[in-house]
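Visitor: Quick one: sequence plus predicted model below, questions after.
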Amino acid sequence: MTTLNALAAISVAYVLFLFAVAFVAERAARRGRGGWLSAPIIYTLSLSIYCTAWTFYGAVGSAVRGGLEYLTIYLGPSLVLIGWWWILRKLVRIGRAQRITSVADLISSRYGKSNLLGIGVTILAVVGTTPYIALQLQSVTLSVEVFANPQVSDVADDRLTAFWVAAGLAVFTVIFGTRNLDANERHHGVVMAIAVEAIVKLAALLAVGGFVVWGLSGGVGATLARIDASELGLWEMNGGRWVGLTFLSAAALLCLPRMFQVMVVENDSDAQLRMAAWAFPLYLMLMSLFIVPIAVVGLEVLPKGANPDLFVLTVPLAHGQQGLALLSFLGGFSSATSMVIVAAIALSTMVSNHIVMPIWLRLRAGSASVSGDVRHVVLLSRRLSIAGVLFLGYAYYALSGGGEALSVIGLVAFTGVAQVLPAMLGGLFWRGATRMGALAGLSVGFALWLYTLYLPSFGQGTVLPMALFSEGPFGIGWLRPQALFGIDGLDPLMHAVFWSMTFNSVVFFLVSLISFPSPLERLQGAQFVNVQIGGGSARSWSGGLAQSEDLMVMSQRILGAPEAQALFLREARKQGISGHLPDPTPDFLEILERELSGSVGAATAHAMLGQIVAGQAVSVADLMAVADETAQMMEHSARLEEQRSELTRTARQLREANDKLTRLSAQKDAFLSQISHELRTPMTSIRAFSEILRDAEGLASVDRIKYASIIHDEAIRLTRLLDDLLDLSVLENGQVSLNLREGKLTDTLDRAVAAALADDGGLRLDIFRDPRSEAIWLNTDIDRLSQVFINLISNARKYCDAAVPRLQIRVGEAEGRTVIDFVDNGSGIAPEQQDLIFEKFARVSDQKAGGAGLGLAISRQIMTRLGGNLSYLPGQAGAAFRVTLPEARALAAQ
Amino acid sequence: MSGHVLLIEDEPNIIEAIGFILSRDGWRVDTHSNGVDAVDVVRAKAPDVVILDVMLPGRSGYDILRDLRNDPVTQTLPILMLTARGQSKDREMAERAGVSRFMTKPFSNAEVLDAVRALKAS
Amino acid sequence: MSDAPEPRRTAPIFVERQSYRRRRLADSARFLPVLGLLLWMLPLLWGLDSDGMSTSDALVYVFAVWLGLVAAALLLIRALGRGGDAPQDDGEPR
């Protein structure tokens, strides 16, 4: 019993050590000093979770039972890694470029972001992985048992051990696996801990092997002789299994959720892969090097009937090597725990992203666009999923009662997850692969796997009745689960692998051929197959579908108004547009999504954009246009691409300039008419009344005075008009002299408000201001500035069409400069008129509201002269104008 | 000579001036300052002569003119058109629409009076 | 595969000696797993002989191939890496 307590203490100490490693790595990464965490060697070591307890302990057992067959489990992955140039290089790049979070995400994303496929792969992964987790728990309890008392095994005790192991792993995984919710889903703490465990298990196996070869057998030559003398001495290999298992393990390396997690999701750079390509095969070679010697020696020295799965522990124990046995125990413990941790993270990501979040979003549809607590929900759902996955594993272990049923489950699980392979490789290399094809292939493969391998693996007569195996369902002989089409006598595993993979691939191929992909699938297909050249994001939006103004309104809510406006402005400049609103191109939507995901999480950002974008009618033609454009882009090299986008930008600017010129030319005509009208109208009154005064005799003096004052007023109106025209002309030619002086913004605004509201009454306007934000000193031409303010305020007063007109004057900051926004509550200005209102004589409506329509043109000229700007601010409640004050001249009050 | 003139114009000072000139000559002057229902007002008041401004709130004088010419009742009604936009294409448009007389602002009072008298007589 | 877009990119027929070397190295990287597969599938033929093969010989063979592959992969990647900082990393524009 003392051994057992010591064992518990050592295990706990070891686990605490791993906690510390993970914690230190996580903290270093958070502080930005985690460069070494991305070292290729750590990446390579993290791949070692391929070697679970099943291979750590089970390889020796397998060698005892099947000779060198155990090697195939390592040969397949070695070939995949050595052939990294073919598949892994592409997979890893796609994973990085498309921000893939799991194998389910990869398949779903490739086939037009089909959530159905995501759910399918997730279910397949959970079904395939649960028994595997149970297997790890079993191996830990078995190894504990070895130390306790080989004679008495207490089932209740075992379950307790398994339960505590599962619970401890759940805690570790929740703490380090769901710490953050980044777009890239990397877990530095976990990866570091796994790398440490990788070293421990390799060291343990090498130590035991070294002890066996040099300590017990007396050197390499002697060991080889001993091997040939043993019952494993002759090469007897079932050729089918040798090929089949190599293929199966290679497929599993690519498809296992946990391998995908460490290999693709956690990958940072091609350099990591380049090292793993040779170092991981080396690791696998070292892991398998001493398996046969241990098996042979175990068979010799241990009593008949000893469990060969535990030789790694029992051989050192039998020779009194307590320390070595303990190291070996820690190696097995490491293998089991690292597999369970990563598998739980991978599965929880899949369950959360493809099952929980879609349901949650659907339940909360509509309100999702404003709620900010989505991060919290995602983390919670991941944590619950981790606990759920581990509980499933424990339950499976407890219910199956351990034993033989579990030891075969490793290869059964491999076959299950390998069903993803056709859809994965097809998606990577063949643009013609479709969602329907993937769905059909996966379904057929999954069903055949269940029928021919998974359900029979529980033993004949347990889940499936005995009669089924001998007679077939309903007596149909050629449908017997282990002899499909009457082909009898095959190895059941190879039988299942062959039929499920064949049918899976053929159905996938045929259905892909006859079905037609949706535009989104074709787009994604092109991006995946041509990843090296294109490299865009998986979640790219199809352009032209969203209204920029709606997006602006939403972004302001999430990012905050100044940040959102700055972002939109920057993007508009990049597109060569002079206004505040960029076109909703796919590029822009992608950037916006990334920004939003920083605030509310990637999944929600996607869903929220989706609500706005998908709310518009998406025409197939639009999507096809995007797809074709993408395909064309792929055919150009980077340099051409660069030139092309430059040309596009120029062309857009030219087009915009041309449009504007056309509009301006039409306006020039209108301008002449207008100016004629504006001059002739007062002139008419003046001429008519002056003739009346001249010709009419006997006018009453009241009338005479009245007519004279009309002449007077109209003369003033003419003068004002001429003044305005001159003013504008002077401003435009830059001949104006500024009268710079110091003044307070509050006072300037006070005066402007008073002046704008002073003249002719009747029109009401409530003005809202925030005096505290206005405490800013200005050093500029105060009179000119206040002229601009007066114009903006009286415009609001004249044109605001709300029942109770209100004007809000907000002072804030944008791009490091002070801005003053004048926002009213009217119906605003239509988008197509927003850049025309600053032109001369522009009037938005036909209504006559006094003035000649020069106010905004003059105001804008003034602001330009002062070194600031005046622009229309879209996406506000009503009409909104932004005055940007000149730089550096605005000084804070303190 | 005297008769009934309907003045459709939106600038108050010009209404005042023309109103004064014509009333002094013995004309009965009705005024209307909106383009939207101008056609109905012409039908209702049945004036001898209409003076019509081009730039009216709600509806252009050309449109009103065209409507009046399409209606058999007002087809031959004398219409004097005034505009402040003195470009030649304005005159062409007015003539195509069937105007009886076209004058550019500013005008002399005598001119207006002569025009109205001549139109009434025709 | 990744070489497919090469000809389209108005690729010169005669490339610099260095990039020619590089492309042949990439070809080797592609060929290596095929070689590994062939060598590791060789044991399938052993059973055909009546007296078979001893396990120790089989072990030595499999592990020798393994070591050879690892060494070849390491050398290839080193060689690729030396020219790898050239503008076109393994043949695609960035």
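Guide: On my side now, so go ahead.
Visitor: wait, what's in contact with the residue in chain C that chain A sits nearest to?
Guide: For chain C, the residue closest to chain A is C:Pro33, as judged by Cβ to the nearest Cβ, at 2.9 Å. Where C-beta positions appear, they are placed from N, C-alpha and C, glycine not excepted. Applying Cβ atoms under 8 Å, 6 or more residues apart in numbering or on different chains to C:Pro33 gives the contacts A:Leu79, A:Val80, A:Ile82, A:Gly83, A:Trp86.
Visitor: Phi first, then psi, for it.
Guide: As for C:Pro33, its main-chain torsions (degrees, to the nearest 10) stand at phi -60, psi -30.
Visitor: quick one, phi psi at the residue nearest to it when sequence neighbours are not counted?
Guide: In space, and not counting its chain neighbours, C:Pro33 is closest to A:Gly83: 2.9 Å by Cβ to Cβ, 6 or more residues apart in numbering or on different chains. Note on A:Gly83: backbone dihedrals following degrees, to the nearest 10 are phi -90, psi 30.
Visitor: ok, now which ones touch A:Gly83?
Guide: A:Gly83 touches C:Arg30, C:Leu32, C:Pro33, C:Val34, C:Gly36, counting by Cβ under 8 Å, 6+ apart.
Visitor: burial measure for the last one, as a count.
Guide: In other words, C:Gly36. 23 (other Cβ atoms under 10 Å in any protein chain shown).
Visitor: wait, doesn't it sit right on C:Leu67?
Guide: No. With contact defined as Cβ atoms under 8 Å, C:Gly36 does not reach C:Leu67; the gap is 11.6 Å.
Visitor: Looking at chain B, which residue is nearest chain C?
Guide: Of all residues in chain B, B:Lys89 sits closest to chain C, at 56.3 Å by Cβ to the nearest Cβ.
Visitor: And the helix or strand hosting that residue, what does it pack against?
Guide: Using DSSP states H and E, B:Lys89 sits in helix B:88-96. On a contact count with 3 or more Cβ pairs under 8 Å, 6 or more residues apart in numbering or on different chains; DSSP states H and E, helix B:88-96 meets helix B:61-70, strand B:79-83, strand B:101-104.
Visitor: ok, then the element right after the shortest one?
Guide: Put plainly, it is strand B:101-104. Assigned by DSSP H and E, the successor of strand B:101-104 is helix B:109-121.
Visitor: Let me know the angle separating that next one from strand B:79-83.
Guide: Counting by axes from the mean of the first three to the mean of the last three Cα atoms, to 10 degrees, helix B:109-121 lies at 150 degrees to strand B:79-83.
Visitor: Give me the helices and strands touching helix B:109-121, please.
Guide: helix A:638-695, helix B:12-24, strand B:49-53, strand B:79-83, strand B:101-104.
Visitor: so of the helices and strands packed on helix B:88-96, which one's packed in deepest?
Guide: With neighbours defined as mean count of other Cβ atoms under 10 Å in any protein chain shown, the helices and strands packed on helix B:88-96 peak in mean count at strand B:79-83, which reaches a mean of 25.
Visitor: In strands, which of the contacts of A:Gly83 fall?
Guide: Residues of the contacts of A:Gly83 located in strands (DSSP state E): none.
Visitor: what residues does chain B put near chain A?
Guide: B:10-11, B:13-14, B:16-18, B:20-21, B:24, B:55, B:57-58, B:84-87, B:104-110 (Cβ under 8 Å from any Cβ of the partner chain).
Visitor: ok, 6 Å please
Guide: Listed as neighbours of chain A in chain B under the rule Cβ under 6 Å from any Cβ of the partner chain: B:Glu11, B:Asn13, B:Ile14, B:Ala17, B:Ala84, B:Arg85, B:Gly86, B:Lys105, B:Pro106, B:Asn109.
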